[in-house]
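K.L.:
below are the sequence and a predicted model for it; my questions follow.
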Amino acid sequence: MLNYLLGTANGGTVSKAALFDLDGREIAVASRKVESLAPQTGWSERDAEKIWEATAGAIKEVMENSGVAPGDVACVACSGHGNGLYLVDKAGVPVRNAIYSTDNRARKYVDEWLEKGLGVAMRPKTMQSIWPAQPNAILRWLKDNEPDVMERAAWVLMCKDYIRFRLNGVIQAELTDMSGTSLLNVGTGEYDVDVLEAFGLADIRDMLPPLVGTADVCGSVTAQAAAETGLNEGTPVAGGMFDIDACGLASGMTDESRLCMIVGTWGNNQYISKTPVADEDVFMTSCYSIPGYYLMLEGSATSATNLEWFVTQFFQEEEAKAKQQGKSVYDLCNELVGSTKPDESKIVFLPFLYGSNANPDAKSCFVGLDAWHTRAHVLRAIYEGVVFGHMTHVDRLRKFRDMPGSIQLTGGAARSEVWVQIFADCFQVPVETPDATELGALGAAIAGSVAVGCHAGYDEAVEAMVHFSGRQDPDPETKDVYAAKYRRYKKVIAALDPIWKELA
């Protein structure tokens with residue numbers, strides 16, 4: 001019986017695979033870490049072959065541990081981080097390391113484009129901000145700095161498009177991903193020569209693959225991929241999607257009523273509508289997985305990885321001890337934060353270690369430290385600073401929609417009860433967390449279900465496969481405390497604005 005769906009998800013450092021039944025229950029999950037490469041300051045790369053090996057290995061482990069026969073898998077679909085760049089030759093072989101979505105090498109080109117007014121001129125078509133890790137900027141940088149690479153390259157792919165190619169052997173680009181690259185007219189859903197010419201990329205038009213939809217059947221698993229993954233040759237492969245779409249679907253986002261937050265490497269805050277927003281106050285509008293809908297996103301690399309950095313730098317001993325005990329060091333972090341009260345400390349943390357949603361040159365810092373403060377207070381400031389980063393983005397989105405009755409929250413923070421409570425208290429609305437742990441893979445599996453008809457459409461698939469087990473209501477007594485803290489957070493950013501250039 002074809003009762004199972006397999007989804008993959010590739011984010012910043014980990015390749016994941018998960019198998020689900022038609023009710024969205026996780027049967028088995030596996031992951032592999034992929035080494036991050038930084039050949040130069042500001043560069044962020046991965047070995048594309050190793051990303052495939054990690055993904056294939058995760059799929060194989062899932063199939064071996066699930067007890068499910070490969071012939072019972074109805075479809076496989078992929079999700080992955082957007083932007084960055086995966087260049088391959090005519091045979092589909094990578095011509096250089098993949099470039100990740102936190103890369104900053106092309107900053108100069110973006111600055112020049114903004115100075116010339118290209119950001120404003122192109123926004124009616126691209127509907128998004130331009131920034132260094134988008135393919136348009138990276139491609140321009142490569143043309144000038146690695147012309148030999150561009151000479152060998154035949155195709156421009158996004159992360160999950162490369163993984164799908166390794167599964168089905170067909171070069172294709174999927175719409176949700178490509179609509180976030182500033183290479184496409186989001187309104188028409190097609191590549192746009194005027195956009196390419198504006199960014200000096202008219203000559204790469206033939207490198208942009210044919211577009212497919214999220215729930216299109218895009219060939220099937222090849223014999224080679226079957227040998228590497230444990231899947232059956234001939235298993236249908238769906239188009240898959242940008243990871244923000246996957247998390248949207250896995251959070252039940254099928255209409256305009258919901259607001260989804262992803263608290264991970266990036267802090268993404270998003271909703272969907274049949275009316276796109278091309279305003280400069282919204283970071284990005286892209287095509288959503290459900291035809292006829294657009295996804296409006298406000299986000300930046302100002303989220304949970306700030307905590308990961310702090311733990312790596314200052315909790316090494318505690319992390320080693322936690323591993324020996326079969327625990328997570330993040331449980332300790334949650335305990336420490338939970339031991340403090342919201343009004344106990346006024347430390348302000350700016351979550352700008354990997355990027356900023358204020359001045360592009362802004363840096364991370366703690367303001368207001370006193371000798372009596374403990375590491376618990378510092379950790380609370382990090383948790384709150386990340387939430388305030390999300391609030392900054394939601395403030396921008398609220399110019400175009402009302403605040404919803406609840407927030408659907410996913411990502412690493414969703415596993416922290418104390419952090420979810422801070423989100424609820426700061427926004428003063430209930431926060432719901434999905435049952436599933438691998439939202440990117442679940443979103444991909446939902447698309448696979450629609451592609452092969454296991455469910456009649458997205459509404460039916462989401463209704464059957466998405467479930468919420470967690471809900472935390474706001475404490476009204478914290479409203480004024482957090483409102484004051486958020487005002488202070490914004491004042492600190494404004495006060496430090498004149499010095500960022502000196503620290504760049």
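P.N.:
Received, thanks.
K.L.:
what about stretch 428-435, how long is it end to end?
P.N.:
22 Å (Cα to Cα, to the nearest Å).
K.L.:
from the rest of the structure, what touches it?
P.N.:
With Cβ atoms under 8 Å, 6 or more residues apart in numbering as the test, stretch 428-435 has contacts from 24, 250-252, 403-410, 414, 420, 423-424, 442, 466-474, 476, 479. The C-beta positions use only the backbone N, C-alpha and C, and glycine is treated the same way.
K.L.:
and if we set it to 7 Å?
P.N.:
250-251, 403, 405-410, 414, 420, 423-424, 466-474, 479 (Cβ atoms under 7 Å, 6 or more residues apart in numbering).
K.L.:
residues making contact with the helix ranked longest in the chain?
P.N.:
Longest helix in the chain, counting residues (DSSP state H): helix 375-397. Contacts to helix 375-397, defined as Cβ under 7 Å, 6+ apart, come from residues 261, 263, 267, 269, 271, 281-282, 296, 298-299, 302-304, 306-307, 310, 333, 336-337, 339-340, 344-345, 347-351, 357, 366, 419, 422-423, 426, 485-486, 489.
K.L.:
those, buried ones only, as a ChimeraX selection?
P.N.:
Listed next is the ChimeraX selection for buried residues among the contacts of helix 375-397, using 16 or more other Cβ atoms under 10 Å:
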select :261,263,267,269,271,282,296,298,299,302,303,304,306,307,310,333,336,337,340,345,347,348,349,350,351,357,419,422,423,426,485,486,489
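K.L.:
narrow the contacts of helix 375-397 to those in helices?
P.N.:
Counted as lying in helices by DSSP H, out of the contacts of helix 375-397, are 306-307, 310, 333, 336-337, 419, 422-423, 426, 485-486, 489.
K.L.:
what number of residues lie near Ser356?
P.N.:
Using other Cβ atoms under 10 Å, Ser356 has 20 other residues around it.
K.L.:
so for it, what's the nearest residue that isn't a sequence neighbour?
P.N.:
Nearest non-adjacent residue to Ser356, counting by Cβ to Cβ, 6 or more residues apart in numbering: Ala362, 3.9 Å away.
K.L.:
for the one you found, what are its contacts?
P.N.:
Residues near Ala362 by Cβ under 7 Å, 6+ apart: 350, 352, 356, 500.
K.L.:
got the phi and psi for it?
P.N.:
phi -60, psi 150 (degrees, to the nearest 10).
K.L.:
return the distance of it relative to Asp21.
P.N.:
From Ala362 across to Asp21, the span is 46 Å (Cβ to Cβ, to the nearest Å).
K.L.:
re earlier: quick check: the two most widely separated of the contacts of Ala362?
P.N.:
Farthest apart among the contacts of Ala362 by Cβ to Cβ are Leu350 and Trp500. That separation is 10.7 Å.
K.L.:
the nearest residue to Thr478 once chain neighbours are set aside: neighbour count?
P.N.:
What sits nearest to Thr478 in space, not counting adjacent residues and going by Cβ to Cβ, 6+ apart, is Asp425, at 4.2 Å. Other residues near Asp425 number 23, with proximity taken as other Cβ under 10 Å.
K.L.:
pretty sure Asp425 contacts Asp473?
P.N.:
No. In this structure, Asp425 is not within contact of Asp473 by Cβ atoms under 7 Å, at 9.4 Å.
K.L.:
between these two, what contacts are shared?
P.N.:
Shared contacts of Asp425 and Asp473 (Cβ under 7 Å, 6+ apart): none.
K.L.:
coming back round to it: Glu460: which of the contacts of Ala362 is nearest?
P.N.:
Of all these, Ser356 has the smallest distance to Glu460: 41.1 Å, by Cβ to Cβ.
K.L.:
residues contacting that closest one?
P.N.:
Contacts of Ser356 by Cβ under 7 Å, 6+ apart are 300, 302, 362.
K.L.:
quick one, grab the pLDDT at the last one.
P.N.:
Think Ala362. For Ala362, the pLDDT comes out at 96.
K.L.:
then the one 4 residues further on?
P.N.:
Confidence per residue is given as pLDDT, and for Phe366 that number is 98.
K.L.:
need the contact list for the closest residue to it other than its chain neighbours.
P.N.:
Distances taken as Cβ to Cβ, 6+ apart place Phe349 nearest to Phe366, at 5.4 Å, with adjacent residues excluded. Listed by Cβ under 7 Å, 6+ apart, the contact partners of Phe349 are 366, 381-382, 384-385.
K.L.:
if we go to 8 Å?
P.N.:
With Cβ under 8 Å, 6+ apart, Phe349 has these contacts: 306, 364-367, 378, 381-382, 384-385.
K.L.:
now the residues you listed: which count as buried?
P.N.:
Taking 16+ other Cβ under 10 Å as the criterion, what is buried in the contacts of Phe349 is 306, 364, 367, 378, 381-382, 384-385.
K.L.:
hmm, back to that, quick one: which of the contacts of Ala362 sit in strands?
P.N.:
Counting by DSSP state E, the part of the contacts of Ala362 found in strands is Leu350.
K.L.:
dump the contacts of Ala362 to JSON lines, plus pLDDT and distance to Asp203.
P.N.:
Output for these, formatted as JSON lines (pLDDT from 0 to 100; distance: Cβ to Cβ, whole Å):
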{"residue": "Leu350", "pLDDT": "98", "distance to Asp203": "41"}
{"residue": "Phe352", "pLDDT": "97", "distance to Asp203": "36"}
{"residue": "Ser356", "pLDDT": "93", "distance to Asp203": "33"}
{"residue": "Trp500", "pLDDT": "94", "distance to Asp203": "36"}
